[in-house]
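A.B. asks: Sharing a model prediction with you, sequence too.
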Amino acid sequence: MKALFCIFSGTGNTLRIAIRLSDELKLHGAETEIYNIRSDTEPPAMDGYDTIVFGYPVHAFNTPAVMLEFLKKLPHVSGKKAYIFHTSGKALKFNDAAGILPKRILRKHGFDVLGEFAYVMPYNIIFKHSDQMAARMWKCAIKRIGNDAKTIANGERNKVKVNVFKRAVSTVLRIEQPAMPMLGKHFKADNEKCAGCGTCVSLCPVSNITLSDDLPKFGKVCVGCMACSFNCPNDAIKISVLNGWRVNGSYFFGAEPATDEQVCSYCKKSYLKYFHESEK
Ligand SMILES: Cc1cc2nc3c(=O)[nH]c(=O)nc-3n(C[C@H](O)[C@H](O)[C@H](O)COP(=O)(O)O)c2cc1C
């Protein structure tokens, strides 16, 4: 089996899952490759692969625009096997609605979408999870990846159903996609904190940031992935009206995993449900 991963990841969670899933597939004898999606790159050739795995983070219960644009550029294939997976900060089934558009586009292009998988990973916006929470999420992801890799290696189906209410909410929240470029052009570096290192420029997946007089300037095509503000070594990037939700700095996944008592109080019930299901 030869599998190609096509991944969009703003702050590394989705890529982290893809690397682990790819390594796990190799244990099943698969050859794998990972392709990182940016707005300015063309889809890679897919002829030599029998399975394509698409991965992305959930943005406002939807799939990020960069991913959708990438999917629309794919060639027509005849029944090639595909799986999709998403990462999200909440452990809510609502996030499954993010799969609606990718599945529709992939089917239009002739892919046989066999299944989809969901992984909860720490937030890159809204609030910073503790490293203990991040470690518990990662421990659960590893468990799930073990099962999911088997499903992919065996070419099994794994359908996810999304009810009408979740579909409706997700459709309304697609407003995030035109809104993000408008918000993003008001992102700003704090003159005092910014060292002009250009980390944000090199990480932006849509080339929306340039340096001018050693300060980042934000253009009009931001997709809100948070790669810039999350990874800024000086926590210098203010994210406009979302600034109160800014999360800066990477997580340490090797911490002691949170116990049930240490699970954060926000949405505690749904995190516990996800953790317990994953750890079964
Ligand atoms: C603009 C934006 C919107 C988000 N919306 C959601 C959401 O609707 N539901 C959710 O659970 N997480 C949401 N998240 C959190 C991310 O999905 C989560 O942290 C993800 O693992 C990030 O993946 P990445 O590191 O590969 O970019 C959102 C993040 C961003 C930046």
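C.D. replies: On my side now, so go ahead.
A.B. asks: And the helix or strand where Thr171 lies, what's buried?
C.D. replies: For Thr171, the enclosing helix or strand under DSSP states H and E is helix 164-172. Under the neighbour-count criterion of 16 or more other C-beta atoms under 10 Å, helix 164-172 has Lys166, Ser170 buried. All C-beta atoms are positioned from the backbone trio N, CA, C, and that covers glycine.
A.B. asks: Can you name the residues in contact with that helix?
C.D. replies: The set of residues external to helix 164-172 that reach it, using C-beta atoms under 8 Å, 6 or more residues apart in numbering, is Phe61, Asn62, Lys93, Phe94, Asp96, Ala97, Ala98, Ile100, Val162.
A.B. asks: Give me every residue in the protein that's in contact range of the ligand.
C.D. replies: Proximity of the chain to the ligand is confined to 9-14, 57-61, 87-90, 95, 121, 123-125, 224-226 under the rule C-beta under 6 Å from any ligand atom.
A.B. asks: ok so, going back, narrow the contacts of helix 164-172 to those in strands?
C.D. replies: Where the contacts of helix 164-172 are compared with strands, as defined by DSSP state E, there is no overlap at all.
A.B. asks: which one of those is nearest the ligand?
C.D. replies: Phe61 (4.5 Å; C-beta to the nearest ligand atom).
A.B. asks: What distance do you get for the residue lying closest to the closest one once chain neighbours are set aside to Thr63?
C.D. replies: Nearest residue to Phe61 in three dimensions, chain neighbours excluded: Ser170, at 4.3 Å (C-beta to C-beta, 6 or more residues apart in numbering). Computed as C-beta to C-beta, to the nearest Å, the Ser170 to Thr63 distance reads 10 Å.
A.B. asks: So for the two, which residues contact both of them?
C.D. replies: Overlap between the contact sets of Ser170 and Thr63, as judged by C-beta under 8 Å, 6+ apart, is given by Ala98.
A.B. asks: sorry, back to before: and the pLDDT at the residue nearest to Phe61?
C.D. replies: If you check Ser170, the pLDDT there is 92.
A.B. asks: Could you do the one 4 residues further on as well?
C.D. replies: The predicted local distance difference test score for Arg174 is 93.
A.B. asks: quick check: domain ranges of the chain?
C.D. replies: Here the domain assignment for the chain is 2-168, 185-245, based on automatic domain parsing.
A.B. asks: Now do the shortest one, average pLDDT.
C.D. replies: The predicted model assigns domain 185-245 a mean pLDDT of 97.
A.B. asks: Renumber starting at 22 from here on
C.D. replies: Noted, 22 is the first residue going forward, which turns the last one into domain 206-266.
A.B. asks: distance between the ends of it?
C.D. replies: In domain 206-266, first residue to last residue: 17 Å (C-alpha to C-alpha, to the nearest Å).
A.B. asks: Show me how far that domain is from its chain's centre.
C.D. replies: Centroid separation for domain 206-266 versus its chain: 19 Å, with C-alpha atoms, centre = their mean, to the nearest Å.
A.B. asks: Is the residue lying closest to Ile38 once chain neighbours are set aside in a helix, a strand, or coil?
C.D. replies: Beyond its immediate neighbours in the sequence, the residue positioned closest to Ile38 (C-beta to C-beta, 6+ apart) is Tyr140, lying 5.2 Å away. Reducing the assignment at Tyr140 to three states with DSSP: H, G, I helix; E, B strand; the rest coil gives strand.
A.B. asks: related to what we said a few turns ago, quick one: which of the domains of the chain is nearest Lys289?
C.D. replies: Closest to Lys289 of these, according to C-beta to C-beta: domain 23-189, at 9.9 Å.
A.B. asks: related to what we said a few turns ago, could you export the domains of the chain to JSON lines, including columns for distance to Phe296?
C.D. replies: As requested, those are exported to JSON lines (distance: least, C-beta to C-beta, whole Å):
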{"stretch": "domain 23-189", "distance to Phe296": "6"}
{"stretch": "domain 206-266", "distance to Phe296": "24"}
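A.B. asks: remind me, longest helix of this structure?
C.D. replies: helix 152-174 (DSSP state H).
A.B. asks: And the average pLDDT for it is what?
C.D. replies: Helix 152-174 comes out at a mean pLDDT of 98.
A.B. asks: if we can go back for a sec, what's the following helix or strand after the helix holding Thr192?
C.D. replies: Heading towards the C-terminus - elements assigned by DSSP H and E - helix 185-193 is followed by helix 197-205.
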